[in-house]
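Student: Any chance you can model this:
(one chain, ligands or ions: 1)
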Amino acid sequence: MIKVGLLGAGRIGKVHARSIAADRRSQLVAVSDIDAQAARELASTHGARPLSSQEIMADPGIDAVLIATSTDTHAALIEAAVRAGKAVLCEKPVDLNLERALACQAVVAKVGRPVMIGFNRRFDPNFAALKRAFDAGEIGKGELLSITSFDPAPPPVGYVKLSGGLFRDMAIHDFDMACWIFGAAPASVTAIGSSIVDPAIGAAGDLDTAVITLHFADGRMAVVKNSRRAVYGYDQRIELLGSDGLLSAGNVLEHTVTRITTAGAQAAKPEYFFLERYMKAYAAEWSAFVDAVQSGSDYPVTLQDGVHALAVADAATLSWQEGRTVKLIGGRPA
Ligand SMILES: NC(=O)c1ccc[n+]([C@@H]2O[C@H](COP(=O)([O-])OP(=O)(O)OC[C@H]3O[C@@H](n4cnc5c(N)ncnc54)[C@H](O)[C@@H]3O)[C@@H](O)[C@H]2O)c1
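Tutor: Numbering: from 1, shown residues only. Sure, this is the predicted structure:
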């Protein structure tokens, strides 16, 4: 049984607490949050103890730490957790600053303990099936990947200001999916975007609508389309064109009933947002982490993957700001 300390009892922390509790091989034993009330409530829901993050790190009875705190705390908590000898799963992104993420990676490498990053979409059953089919050679050589990722509604501007921007906060998932599916990091990134959904997002220095093109060294391409508003729900689709065919993974709908009348055909909307669409993915992500901890095998998502996706996000930000294609050289935007 893996004894787990959860850091962060917010939106995603609560989701992870459920996954930990639902897996027979893990037990949530402690919850920490700087909001003591939030820590107490989540801990009591799962029969765990509210502790400080320092107490969790220092407790030899705690084997693993799941970091689901605010982004600006991730790098320091990863470093503390590996130094304390814990198995670590940390939410994305590693940090909002690439140099800080690289420094964290250096500390982790020195300690010599791996860290898994929470790119949950890899564990979505539909996207995982697409990746398996691609890896099995079902469409030959991959050539053009298209990722659609639209949120149902824009976040409050207060969130936008602290988020690191659409590329580092939202598109980073799509960048990871592109790198994962193609098994490589892009050689260059071109991004265009605007704030046509909510001008207040533009006034805050961010964008809400973007198209990003990733160009890989061997000529393969990926196009990521992002919007902060799709009025019909969370639109999450992938299409991959290969030399021998096409793979596509569509939305998960609220239900499977379709109605066809003389007026036409109607199906249900996509599930509303990530807390609906990706619940299976979060559970599968946790299960994959436990598999790796128990078997001693490599984590399916690494800290290096988290750093790569952040470098792509930085390149996209620079491309959008400067109106040019940005190369990635030595893992850094140039
Ligand atoms: N993979 C995904 O699908 C996904 C979805 C949502 C959020 N996230 C990521 O998860 C992280 C948390 O996001 P959220 O939406 O749950 O935010 P949130 O604000 O709801 O929760 C964060 C919690 O962390 C607590 N916290 C902050 N600093 C702390 C510290 N030093 N020690 C202990 N607790 C601390 C806060 O009090 C808060 O309760 C972010 O990095 C975000 O990018 C990932």
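
Student: Longest helix in this structure, please.
Tutor: Counting residues, the longest helix found in the chain (DSSP state H) is helix 303-322.

Student: ok, residues contacting the very next helix or strand once past that one?
Tutor: Moving toward the C-terminus from helix 303-322, the next helix or strand (DSSP states H and E) is strand 326-329. Defining contact as Cβ atoms under 8 Å, 6 or more residues apart in numbering, one finds that strand 326-329 is touched by 185-190, 311-312, 315-316, 318-319, 333-334. All C-beta atoms are positioned from the backbone trio N, CA, C, and that covers glycine.

Student: same check, this time on stretch 274-291
Tutor: 2, 11, 15-16, 19-20, 22-23, 25-26, 64, 87, 89, 116, 118, 120-125, 128, 234, 236, 251-252, 270-271, 297, 299-300.

Student: Please apply the same query to stretch 43-61.
Tutor: 3, 5-7, 9, 17, 20-21, 28-33, 36, 39-40, 42, 62, 65, 77, 80-81, 83-84, 86.

Student: switch the cut-off to 10 Å
Tutor: Here stretch 43-61 makes contact (Cβ atoms under 10 Å, 6 or more residues apart in numbering) with 3-9, 14, 17-18, 20-21, 27-34, 36-42, 62, 65, 67, 69, 73, 76-77, 80-81, 83-86.

Student: among the residues you listed, which are in strands?
Tutor: Among the contacts of stretch 43-61, the members falling in strands (DSSP state E) are 3-7, 27-32, 65, 67.

Student: which ones among the residues you listed come in contact with the ligand?
Tutor: 7, 32 (Cβ under 6 Å from any ligand atom).

Student: mind listing which of the contacts of stretch 274-291 are in helices?
Tutor: Short answer: these in helices (DSSP H) are 11, 15-16, 19-20, 22, 125, 128.

Student: I'd like those laid out as CSV, including neighbour count.
Tutor: Converted to CSV, those look like this (neighbours: other Cβ atoms under 10 Å):
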residue, neighbour count
11, 10
15, 19
16, 27
19, 21
20, 26
22, 11
125, 12
128, 17
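
Student: Between which two of those is the distance greatest?
Tutor: 11 and 128 (23.5 Å; Cβ to Cβ).

Student: still on that earlier bit, going by neighbour count, which of the contacts of stretch 274-291 are buried?
Tutor: Among the contacts of stretch 274-291, those buried by neighbour count (16 or more other Cβ atoms under 10 Å) are 2, 15-16, 19-20, 23, 26, 64, 87, 89, 116, 118, 120-124, 128, 234, 236, 251-252, 270-271, 299-300.

Student: so which of those also contact the ligand?
Tutor: Near the ligand, by the rule Cβ under 6 Å from any ligand atom, you find 118, 120 out of those.

Student: still on that earlier bit, ok, is the longest helix of the chain in contact with the ligand or not?
Tutor: No - using Cβ under 6 Å from any ligand atom, helix 303-322 stays clear of the ligand, with a minimum separation of 11.1 Å.

Student: Numbering from 29 from now on, please.
Tutor: Fine by me, first position is 29 from now on; the one you just mentioned is helix 331-350.

Student: Can you list the buried residues in that helix?
Tutor: Here helix 331-350 shows 331-348 as buried, counting by 16+ other Cβ under 10 Å.

Student: likewise stretch 242-254?
Tutor: For stretch 242-254, by 16+ other Cβ under 10 Å, it's 242-244, 248-254.

Student: first to last residue in it, what's the distance?
Tutor: Terminal residues of stretch 242-254 lie 14 Å apart, using Cα to Cα, to the nearest Å.

Student: How about residue 318, nearest residue that isn't a chain neighbour?
Tutor: residue 53 (5.1 Å; Cβ to Cβ, 6 or more residues apart in numbering).

Student: separation between the one you found and the ligand?
Tutor: 21 Å (Cβ to the nearest ligand atom, to the nearest Å).

Student: For residue 266, give the beta-bridge partners.
Tutor: Residue 266 has these beta-bridge partners by DSSP bridges: residue 175, residue 277.

Student: Which pLDDT value goes with it?
Tutor: What the model reports as pLDDT for residue 266 is 98.

Student: How about residue 189?
Tutor: Value for residue 189, per-residue pLDDT: 88.

Student: distance of it from the ligand?
Tutor: In terms of Cβ to the nearest ligand atom, residue 189 sits 14 Å off from the ligand.

Student: Please identify the buried residues of the host helix or strand of that residue?
Tutor: In this structure, residue 189 sits in helix 185-191 according to DSSP H and E. By 16+ other Cβ under 10 Å, the buried positions in helix 185-191 come out as 188, 191.
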